[in-house]
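J.: Dropping the sequence and predicted coords here.
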Amino acid sequence: MSRIVSFRGKLADGEQESIPLQTINGMKGYRIVKFELFGAAPGATSYEHVVKIYKTQQSSVDGLIDFSDNRLLAAGFLGAVSSVSNSTVNHIVTFDGEIFNQDIFVTHVDTEGALECNYYIELEQMALDLNEQTVATLKDIRNVGAE
């Protein structure tokens, strides 16, 4: 049986935040089912938010998106021009087949300025059997130091 757990927060420009999911035995797995972005100052100014979710902590935070990076779980772009009404652009991509059992990391960059951005993430939590736990843990171990 699975359940949904949610996380929300606000990230400053260039900030990275950890979402603690790791357990002692790693028998709980997670999958992203919803990822949403909302500007901290909608309509007030122009912004171009790039928010990414990673399996590992990043040594630097940037606005580049690389779908070939196996540590990337999701990426989102939220852009708006304050002088044009109803001109918001919002793109979200999640790799929902990815199951993980360790902490995840959310990064944010405003490529237009230095504004904050809100995020909302829903994760499906599921029990893992020993084989699933081993695969998820080995994937996470392989990603450590991959940057």
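T.: The structure has been received and is ready for your questions.
J.: all contacts plus neighbour counts: C-alpha atoms, from now on.
T.: Fine.
J.: Can you give me the distance of the residue nearest in space to the middle of the chain to residue 97?
T.: Taking CA atoms, centre = their mean, the centroid of the chain lies closest to residue 53, which sits 2.3 Å from it. Taken as CA to CA, to the nearest Å, the spacing of residue 53 relative to residue 97 amounts to 14 Å.
J.: same check, this time on residue 30
T.: 10 Å.
J.: neighbour count winner among the two?
T.: Neighbour count, other CA atoms under 10 Å: between residue 30 and residue 97, residue 30 has more, with 24 against 10.
J.: Poorly predicted segments of this structure, please.
T.: Applying pLDDT under 70 to the chain flags residues 1, 83-87, 139-147.
J.: Please, where are all the helices along this structure?
T.: Assigned by DSSP state H, the chain shows helices spanning 130-143.
J.: Residue 136 contacts residue 98, correct?
T.: No: using CA atoms under 8 Å, residue 136 is not in contact with residue 98; the gap is 9.1 Å.
J.: Compare neighbour counts for those two and give me the winner.
T.: residue 136 (22 against 15).
J.: check contacts around the more buried one.
T.: Contact analysis of residue 136 by CA atoms under 8 Å, 6 or more residues apart in numbering lists 29, 99, 100, 101.
J.: State the pair within the residues you listed that is farthest apart.
T.: 99 and 101 (7.0 Å; CA to CA).
J.: Who has more neighbours out of these two?
T.: More crowded of residue 99 and residue 101, by other CA under 10 Å: residue 101, with 28 against 22.
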